[in-house]
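Novice: predicted structure and sequence below. I'll ask about it afterward.
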Amino acid sequence: MNRKKNFLKVILVIGDIALMYLALLATLAVRYNDFSFLPGLKTKIFLYHFSFIYIIWLFLLYIFDFYEMPPLKKTYDFFRNLIVFLLFAGTIGIAYFYLQPQSLISPKTILALNISLFA
């Protein structure tokens, strides 16, 4: 039984990682109105910077028990944790890009869209 729970947690983490990067690509497509950004240098820069943010987000998701079974123990707790996660995720993203002034990107809109698409 414990092995099955661990396997399900791994599947949830892999799914979240996939959704984070899909949300980023969808956000870039919405922001630039097409998919011509994909092979570009700017896309690599976005992927690089958002990868650091996503590692922190995964840690936050773990802290807020999003990988515990069953996932919907109490609806109130789930939505409270989701709102707190979104606030922390936005704050961490803003702080990360604020502390990286030499960055070639300034993703204010992209960060907000990314958080809303991932949620």
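Specialist: Done, it's in.

Novice: among the helices and strands of the chain, which has the poorest mean pLDDT?
Specialist: Lowest on mean pLDDT, DSSP states H and E among the helices and strands of the chain sits helix 108-118, with a mean of 81.

Novice: got the buried residues for that one?
Specialist: By 16 or more other Cβ atoms under 10 Å, the buried positions in helix 108-118 come out as 110-111, 113-115, 117-118. Where C-beta positions appear, they are placed from N, C-alpha and C, glycine not excepted.

Novice: low-confidence ranges in the chain?
Specialist: Residue ranges of the chain with pLDDT under 70: 1, 36-39, 70-73, 101-104, 106.

Novice: who are the packing partners of the longest helix seen in the chain?
Specialist: Ranked by number of residues, the top helix in the chain under DSSP state H is helix 2-32. With contacts taken as 3 or more Cβ pairs under 8 Å, 6 or more residues apart in numbering; DSSP states H and E, helix 2-32 sits against helix 41-63, helix 108-118.

Novice: nearest to residue 80, of the ones you listed?
Specialist: helix 41-63 (13.5 Å; Cβ to Cβ).

Novice: and the contacts of the closest one?
Specialist: Residues outside helix 41-63 that contact it (Cβ atoms under 8 Å, 6 or more residues apart in numbering): 13, 16-17, 20-21, 24, 28, 37, 67, 85, 88-89, 92-93, 96-97, 100, 103-105, 107, 110, 114.

Novice: same check on stretch 18-28?
Specialist: 37-38, 43, 46-47, 50, 54, 57, 110, 113-114, 117-118.

Novice: got a list of what residue 17 touches?
Specialist: 54, 58.

Novice: begin at 804 from here
Specialist: All set: I'll call the first residue 804, so the last point we hit is now residue 820.

Novice: gap between it and residue 848?
Specialist: For residue 820, the distance to residue 848 (Cβ to Cβ, to the nearest Å) stands at 19 Å.

Novice: nothing else from me, thank you.
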